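K.L.:
quick check, what structure comes out for this input:
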Amino acid sequence: MVGSSENSSRWRPSAGRIEPGLHMVATPIGAARDITLRALDVLAGADVLAAEDTRTLRHLMEIHGIALEGRPLIAVHDHNEKGIAARITGLLAGGKSVAYASEAGTPLISDPGFGLARAAVGAGAKVLAAPGASALLAALTVAGLPTDRFLFAGFPPTAAGERQRFLAGATRGDATLVLYESPRRIRKTLAELIEICGPDRLVALCRELTKKHEEVLRGSLPEVLACLGDQDPKGEIVLVVDRGPPELAGPETIAAALDLALESMRVKEAAAFVAQSLNVPRREVYQMALARSRKPD
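P.N.:
Numbering: from 1, shown residues only. Take a look at the predicted model:
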């Protein structure tokens, strides 16, 4: 039963020792209270702390009453990750527990940490997750678009030609697309997606998730672009793009599927199976099956 007093519900450090290894710690993307109790345990008990931004981690620890107490605090970011990995793996080899935290969100998800994790794995050290906040998952949760299959593609390229090829490829298929985008480029991205996907594709533009000015704009691509007006929005943006309509199988695909099905099925069975599998009209498939079969029903 949860106690009624404020002190009874406050976090207290776990009595257990933090397991040796590299602990990848997810940190809040906005509200400081979104940190998990386990993440606080790891930050309080790790032998060594590492962070994308050491000032941000210090501030987060101060908010939650976690003292550094003379422990090493190492900066690990895009510009030094490769070089610092050897130092971290040396600490891991000595049996130390190292907690690594992104500036906000989950390490490796469009954030540093991959080089560090890969080096630790290569050195035979344990790599453990203290999961928590992620702008990717938060956006999928509130977008109101399908989540059974999704593609996270990070930030689109900035060069025009490369960017268009990237968006054309990423929006093709049967998965909901999730992008991170700069507020300075989001209107251009929406306009390019209209050209590539057409005006009917649904999107959710998620801005400043979990922060004071959180906003989610939902609708078709032109509707969301119109909501932005002529001014670039402010804050961090996640764009969730609905999957496109299923592509109809062409004659060659149908024929190949029929040939395979006819090896073990009669014509009607093969036609029904292929029509259902490829989402094409049964009558059309049946006529093709009759033409291809040497033993028609």
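K.L.:
buried sites along the helix or strand encompassing residue 86?
P.N.:
Using DSSP states H and E, residue 86 sits within helix 81-93. Neighbour counts over helix 81-93 (16 or more other Cβ atoms under 10 Å) mark 81, 84, 85, 87, 88, 89, 91, 92 as buried. Placement of C-beta: from N, CA and C, glycine included.
K.L.:
strands along the chain, start to end?
P.N.:
Assigned by DSSP state E, the strands in the chain fall at 21-25, 48-51, 73-75, 97-101, 127-130, 150-154, 176-181, 202-207, 215-220, 237-241.
K.L.:
partners of the fifth one in the sheet?
P.N.:
When pairing is defined by DSSP bridges, strand 127-130 lines up against strand 21-25 (parallel).
K.L.:
wait, residue 96 touches residue 19, no?
P.N.:
No. Contact status for residue 96 versus residue 19: not in contact, 10.9 Å apart, counting by Cβ atoms under 8 Å.
K.L.:
between those two, which is the more surrounded one?
P.N.:
residue 96 (18 against 12; other Cβ atoms under 10 Å).
K.L.:
low-confidence ranges in this structure?
P.N.:
Regions of the chain meeting the criterion pLDDT under 70 cover residues 1-10, 15, 247-248, 294-297.
K.L.:
residues contacting residue 175?
P.N.:
If you count contacts by Cβ atoms under 8 Å, 6 or more residues apart in numbering, residue 175 has them with 149, 150, 151, 243.
K.L.:
helices and strands around the helix holding residue 86, which ones?
P.N.:
strand 21-25, strand 48-51, strand 73-75, strand 97-101, helix 114-122 (3 or more Cβ pairs under 8 Å, 6 or more residues apart in numbering; DSSP states H and E).
K.L.:
how about the ones you listed in JSON lines, adding distance to residue 206?
P.N.:
Output for the helices and strands packed on helix 81-93, formatted as JSON lines (distance: least, Cβ to Cβ, whole Å):
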{"stretch": "strand 21-25", "distance to residue 206": "23"}
{"stretch": "strand 48-51", "distance to residue 206": "25"}
{"stretch": "strand 73-75", "distance to residue 206": "29"}
{"stretch": "strand 97-101", "distance to residue 206": "23"}
{"stretch": "helix 114-122", "distance to residue 206": "24"}
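K.L.:
ranking those by burial, who's on top?
P.N.:
strand 97-101 (a mean of 27; mean count of other Cβ atoms under 10 Å).
K.L.:
so what touches that strand?
P.N.:
Residues contacting strand 97-101 (Cβ under 8 Å, 6+ apart): 18-27, 42-43, 45-52, 57, 60, 76, 88, 91-92, 107, 113, 116, 130.
K.L.:
if you set the cut-off to 6 Å instead, what comes out?
P.N.:
Strand 97-101 is contacted by residues 18, 20, 22-25, 27, 42-43, 46-51, 57, 88, 91, 107 when judged by Cβ atoms under 6 Å, 6 or more residues apart in numbering.
K.L.:
could you export it as PDB, CA atoms only?
P.N.:
This file holds the C-alpha atoms of strand 97-101, laid out as PDB (Å, rounded to 0.1, in the frame of the first residue of the first chain):
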ATOM      1  CA  SER A  97      30.000  -0.300 -13.500                       C
ATOM      2  CA  VAL A  98      29.600   2.600 -16.000                       C
ATOM      3  CA  ALA A  99      26.300   4.500 -16.500                       C
ATOM      4  CA  TYR A 100      26.000   6.300 -19.800                       C
ATOM      5  CA  ALA A 101      23.200   8.800 -20.300                       C
END
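K.L.:
export the strands of the chain to JSON lines and tack on distance to residue 162?
P.N.:
As requested, the strands of the chain are arranged in JSON lines below (distance: least, Cβ to Cβ, whole Å):
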{"stretch": "strand 21-25", "distance to residue 162": "30"}
{"stretch": "strand 48-51", "distance to residue 162": "32"}
{"stretch": "strand 73-75", "distance to residue 162": "31"}
{"stretch": "strand 97-101", "distance to residue 162": "31"}
{"stretch": "strand 127-130", "distance to residue 162": "32"}
{"stretch": "strand 150-154", "distance to residue 162": "13"}
{"stretch": "strand 176-181", "distance to residue 162": "15"}
{"stretch": "strand 202-207", "distance to residue 162": "21"}
{"stretch": "strand 215-220", "distance to residue 162": "26"}
{"stretch": "strand 237-241", "distance to residue 162": "18"}
